[in-house]
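1. Return a 3D structure for these sequence lines:
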Amino acid sequence: ENMIAAMNLVPDEYRGLDRFEARKKVVADITAEGNAVMIPNPKAGEEGEADMIPYVEDKPIMQPFGDRSKVVIEPMLTDQWFVDTAKIVGPALDAVRDGRVKIIPESGEKTYYHWLENIEPWCISRQLWWGHQVPVWFDEEGNQYCAATEAEVRAMAPGKTLTRDPDVLDTWFSSGLWPIGTLGWPDKTEALEKYFPTSTLITGQDILFFWVARMMMMQLAVVDEIPFDTVYLHGLVRDAKGKKMSKSTGNVIDPLDIIDEYGADALRFTNAAMASIGGVLKLDMSRIQGYRNFGTKLWNATRFAEMNGAAFGAAQPQPTQTLNRWILGETAKVVADVDAALASYRFNDAAQALYAFVWGKVCDWYVELSKPLFNADDTAVIDETRQTMGWVIDQCLILLHPIMPFITEELWGAVALRDKMLVHADWPTYSAADMVDADADREMNWVIGLIEGVRSARSQMRVPAGLKIPMVVTDWDQSAQDAWARNETMILKLARVVALDHVSAFPKGTITVAVPGGTFGLPLADIIDISAEKDRIQKTLDKLAKELGGLRGRLNNKNFVASAPEEVVEETRANLAEREEEDAQFKAALARLNEL
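-> The predicted model follows:
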C-alpha cells in the first residue's frame, strides 16, 4: 500500500499520463510558469520562433531496459533490507589468507580479495512472488519484529495485529546457507555432523563473489566454521571461437541437442578434456564428434575382447608374454598419471592421459598385437592373453567411469556377470613401480617404434595401404635380433611387410628406418615413381610457402594483432602452426626421396 501511495504522489493533472508524455507536459508547465532557465534562441527572427527558449541540456546516460519487457526501467526509491557485510567479512578474508581455504587457480584469490576488501552493504530483499520470505513482521504502528518463526513473533507482540513483509530474500542469500541448510541446520543432524564442512566446492569462476564469498561469510558468521577447504573454479563454456554464448548473438548450443546427436558421454569427455585450470572452454562440435568416436573405439575393443574369450572380472594376472607384461605396466602408469592429475584438479590432463592410453596403447597396439597370441598353438599363451585383456579392459572401464559413466556402466554389465555395478567398483591402488617391467617396456617400444617408422615411410612415399612390401636390414645388434625373433609375426602383419632379408648393403632406392640396435630399409625403387613423387611434393611445398608467407605477414602486422578480434588472431596462429607442421613433413619426405 505504501508503494502504491508513493507511485501516486503526483499532481492530479499528470495522473494517468504516459510517463514520457508526462515529462513533456512538466517541461511545458515549468516554462509556462516562467520557472525554466531561458537562453537566446539561435533561430530568433524566423517566422514562428521566440526570442528565448528553455535551456535543455543533453546528457547521455546508460539506459537500463527490462530483460523480458524490453521497456525502459524507471528508478524508484523503496525501503529494502540490507546486511552490513563489513561486520562479517573479516573471518572470510582470514580463512583464505591463512591457507585454511585454497582457491584454484590462485588467480581467483586476487578476485576474492578485491571483492571482500571493498565490500559494500548487501541488499538482500527482492520484490518477487517466489523465494524465502523475509522473516520480518510489522504491527499497525509500524514497529518491526524479526524472528525465525511466526510463533516467536507472536510471543514478542502478544495481542497485536501483525503483517509479514511480502519481500523475499535474494537468491544468493538463500544459497549462501546451502552448506548447512541442506543438512538440516539449525538442528544438529547426523548429516550435518557427517558432511559439514565438506572438502571441495567446484563452481564457475563468474560466481566467486556472488556465491562462494557469501557462503564463506555466512557459515563463519552463523556456525563459525569454513564450509570447505578447497574451491575449484572451472572456466566458462564458450563457442568454438571463444565468444560468450548469448541468445542475441545466436551462438547458444543446447546441451540436450548435443546429447541427442553424440551422447552424454561424448559431451562430458569434451568438457573434461578441455577443462584446463583457469582456461576458457571453447565448445567445438568437431571435438565432441571425435570423443564420440573414442567411445565407439572403446566399445569395439571391449567387444573384441569378449569375442576372444577375455576373462572379465578376473584377478590381476601375472603374465609371462612380453606383450602382456608391457600392457600391465602401461596400465599402472596411466593410473599414476590420472591420480596425480585428479589430485591437482587438472581434469583435462586426466582425460587426455586416458584418451592416449585407451585409444593409443590399448586399442591401436595391444588389441592389434594380441591377435597373433590368440591364434597361437599354445593354449597357455591364449589363456594368459584372455586373462590379461579382460583385466586391462576392466581397468579402462573403471578409469573412464567418472568421465564417461553411461557407456562404461553398460559395457561393465554386458560382458560379464558382476557382483556389483561399476559405480561401486574399487578404484585401482596398484603401483607403477611394482608393475612396470623394464625389459618388456623396452622391447615393445622397439617393436612399436619400428612399425611406426615403416608406416610413416609408407605414408610419406604414398605406398598403397594394402600393398605388402619387402624389408631389408644390414647390421643389427643381438638385442634387435632377439626382439625381431620374438615379435616377427606381429611386425610383418602390422607394418604390411612381406618378409625381412639380411643384406650387406641397401639397394638403390631404399628408404631407411632407424631403431635402437639397427637400421632397416624399404626398397621402393620398383614400387613408386620417385621422379613424379619429387615433383608432387615440390609443388605442394611451393603452395605451402605462399600460404606460410601470408599467415606470417598477418601475424607480423602489429595493427592486425592489436585490432583484429582475439579469436581471429588465435585462428591465424593455429593455421600457421598447422601449415608449418605440414611443411616440415613434406620437406622430410623430399629429403628422403633425394637420398634414393
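2. Other residues contacting stretch 31-46?
-> For stretch 31-46, the external contacting residues (C-beta atoms under 8 Å, 6 or more residues apart in numbering) are 27, 30, 49-55. Using the backbone N, CA and C atoms, a C-beta is placed for each residue, glycine as well.
3. From those, which land in strands?
-> The members of these that map onto strands under DSSP state E are 52-54.
4. Need the buried ones from the residues you listed selected in PyMOL.
-> Filtering the ones in strands among the contacts of stretch 31-46 down to the buried ones (16 or more other C-beta atoms under 10 Å) takes a single PyMOL command:
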select buried, resi 53
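5. okay, the ones in strands among the contacts of stretch 31-46 in TSV with distance to residue 83 and pLDDT next?
-> Shown next, in TSV, are the ones in strands among the contacts of stretch 31-46 (distance: C-beta to C-beta, whole Å; pLDDT from 0 to 100):
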residue	distance to residue 83	pLDDT
52	52	86
53	50	84
54	45	82
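6. Do you have the strands of the stretch 351-500 of the chain handy? List them.
-> 469-476, 497-502 (DSSP state E, counting those that start in this stretch).
7. any chance of those strands in a markdown table, with mean neighbour count too?
-> As requested, the strands of the stretch 351-500 of the chain are exported to a markdown table (neighbours: other C-beta atoms under 10 Å):
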| stretch | mean neighbour count |
| --- | --- |
| strand 469-476 | 18 |
| strand 497-502 | 13 |
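8. Tell me which of those strands sits nearest to residue 207.
-> Among those, the nearest to residue 207 by C-beta to C-beta is strand 497-502 (58.8 Å).
9. If you compare the directions of the closest one and strand 469-476, what angle comes out?
-> 30 degrees (axes from the mean of the first three to the mean of the last three C-alpha atoms, to 10 degrees).
10. Tell me the first helix or strand C-terminal of strand 497-502.
-> For strand 497-502, the following helix or strand on the C-terminal side (DSSP states H and E) is strand 510-515.
11. Tell me what angle the helix or strand following that next one forms with strand 510-515.
-> Sequence order places strand 518-523 as the next helix or strand after strand 510-515, per DSSP H and E. Angle of strand 518-523 versus strand 510-515, following the same axes, to 10 degrees, is 150 degrees.
12. For the stretch 451-596 of the chain, give me the ranges with low pLDDT.
-> Within the stretch 451-596 of the chain, the ranges that satisfy pLDDT under 70 run 596.
13. any idea where the helices of it begin and end?
-> Secondary structure of the stretch 451-596 of the chain (DSSP state H, counting those that start in this stretch): helices located at 478-495, 530-556, 558-563, 566-595.
14. buried residues in the first one?
-> Okay, so that is helix 478-495. In helix 478-495, counting by 16+ other C-beta under 10 Å, buried: 480, 483-484, 487, 490-492, 494-495.
15. that older thread, which among the strands of the stretch 351-500 of the chain is found nearest to residue 174?
-> strand 497-502 (69.2 Å).
16. list the helices and strands the closest one packs on?
-> The contact analysis (3 or more C-beta pairs under 8 Å, 6 or more residues apart in numbering; DSSP states H and E) places strand 497-502 against strand 469-476, helix 478-495.
17. With respect to residue 125, which of the ones you listed lies nearest?
-> Short answer: helix 478-495, nearest of the helices and strands packed on strand 497-502 by C-beta to C-beta, at 70.7 Å.
18. Okay, angle between that closest one and strand 469-476 too, please.
-> Using the same axes, to 10 degrees: helix 478-495 against strand 469-476 is 170 degrees.
19. contact partners of helix 478-495?
-> Applying C-beta under 8 Å, 6+ apart, the set of residues contacting helix 478-495 is 322-323, 368-369, 371-372, 443, 446-447, 450-451, 454-455, 471, 476, 497-500, 515-518.
20. got the contact list for residue 71?
-> So residue 71 contacts residue 65 (C-beta under 8 Å, 6+ apart).
21. any idea how far it lies from residue 129?
-> Distance from residue 71 to residue 129, counting by C-beta to C-beta, to the nearest Å: 20 Å.
22. which residue ranges form the helices in the stretch 151-300 of the chain?
-> Going by DSSP H, counting those that start in this stretch, the stretch 151-300 of the chain shows helices at 171-176, 178-181, 190-195, 214-222, 255-262, 264-273, 285-307.
23. Same list (the ones you listed) but as CSV, adding mean pLDDT, mean neighbour count and distance to residue 523.
-> Listed next are the helices of the stretch 151-300 of the chain as CSV, based on pLDDT from 0 to 100; neighbours: other C-beta atoms under 10 Å; distance: least, C-beta to C-beta, whole Å:
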stretch, mean pLDDT, mean neighbour count, distance to residue 523
helix 171-176, 95, 19, 72
helix 178-181, 95, 20, 71
helix 190-195, 96, 12, 70
helix 214-222, 97, 22, 71
helix 255-262, 92, 13, 45
helix 264-273, 94, 22, 42
helix 285-307, 95, 18, 34
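24. Which of the helices of the stretch 451-596 of the chain has the highest mean neighbour count?
-> helix 478-495 (a mean of 17; mean count of other C-beta atoms under 10 Å).
25. Enumerate every residue touching the residue nearest to residue 594 when sequence neighbours are not counted.
-> Counting by C-beta to C-beta, 6 or more residues apart in numbering, residue 594 lies nearest to residue 534, which is 7.5 Å off, once chain neighbours are set aside. Counting by C-beta under 8 Å, 6+ apart, residue 534 touches 590, 593-594.
26. Over to residue 200?
-> 228-232.
27. again, but for residue 314
-> Taking C-beta under 8 Å, 6+ apart, one finds 387, 390-391 in contact with residue 314.
28. Which member of the residues you listed is positioned nearest residue 205?
-> residue 391 (40.3 Å).
29. quick one: the closest one from residue 331, how far?
-> Residue 391 is 8 Å from residue 331, by C-beta to C-beta.
30. Neighbour count for those two, which is higher?
-> residue 331 (26 against 23; other C-beta atoms under 10 Å).
31. Nearest residue to the more buried one in space, please, no chain neighbours.
-> Residue 331's closest residue in space is residue 395 (C-beta to C-beta, 6+ apart), at 5.2 Å.
32. thinking again about what came up before, next, format the helices of the stretch 151-300 of the chain as a markdown table and append distance to residue 466.
-> As requested, the helices of the stretch 151-300 of the chain are exported to a markdown table (distance: least, C-beta to C-beta, whole Å):
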| stretch | distance to residue 466 |
| --- | --- |
| helix 171-176 | 62 |
| helix 178-181 | 61 |
| helix 190-195 | 60 |
| helix 214-222 | 63 |
| helix 255-262 | 32 |
| helix 264-273 | 31 |
| helix 285-307 | 21 |
